[in-house]
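J.: Structural data only, the sequence is not supplied:
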C-alpha cells in the first residue's frame, strides 16, 4: 500500500542515485570499439562512391542549367517585358507619331550580351561536355 503514498525524497536521494549510476558506467571493451569503427568505416566508404557519382551527375545537370538559363530568361522575361510595355502603353494617352516609332534598346543590348557570353565560353562548354578535343 506504500506505492499509493510515496515517501517524499529530498535532493540527497537524487544526488546519491546520480553518483551511483555514474560510478557503475564503464567504457566498452576495445575489440568492440574496433569492430564498430570498422563497420562504420565500410558503410561510409560504400556510401561515398554513391555520393561521388550522384555529385558528378548533379554538377553536369547544374552546368546544363547554367547554359540554358540565358535562353530561359530570354523566353520568360522578354515576353513579360513586352506585355508590360504594351499594358502601360494602353494606359498612356496617345502621343504623336514620333513617340510611337522606335523602342527601348535594352532588350537588344541584353540579347547581344548573352550571345557574346555564350560565344566566348563556347570552347569551355564543349570541353566539359564532350571531353578535350
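T.: On my side now, so go ahead. These figures come from a predicted structure and were not determined experimentally.

J.: What is the burial count for residue 118?
T.: 13 (other Cβ atoms under 10 Å). In short, each C-beta sits where N, CA and C put it, glycine included.

J.: buried residues in the strand or helix carrying it?
T.: Using DSSP states H and E, residue 118 maps to helix 106-120. By neighbour count on 16 or more other Cβ atoms under 10 Å, the buried set for helix 106-120 is residue 110.

J.: got the angle for the next helix or strand along the chain from that helix vs helix 106-120?
T.: Going down the chain from helix 106-120, the next helix or strand is helix 122-130, by DSSP H and E. With axes from the mean of the first three to the mean of the last three Cα atoms, to 10 degrees applied, the angle from helix 122-130 to helix 106-120 works out at 60 degrees.

J.: Does helix 122-130 pack against any helices or strands, and if so which?
T.: helix 30-91 (3 or more Cβ pairs under 8 Å, 6 or more residues apart in numbering; DSSP states H and E).

J.: ok so, going back, average pLDDT across the helix holding residue 118?
T.: Taken as a whole, helix 106-120 has a mean pLDDT of 84.

J.: Scan the helices and strands of the protein for the one with the lowest mean pLDDT.
T.: The weakest-scoring helix or strand in the chain, judged by mean pLDDT, DSSP states H and E, is helix 97-100 (a mean of 50).
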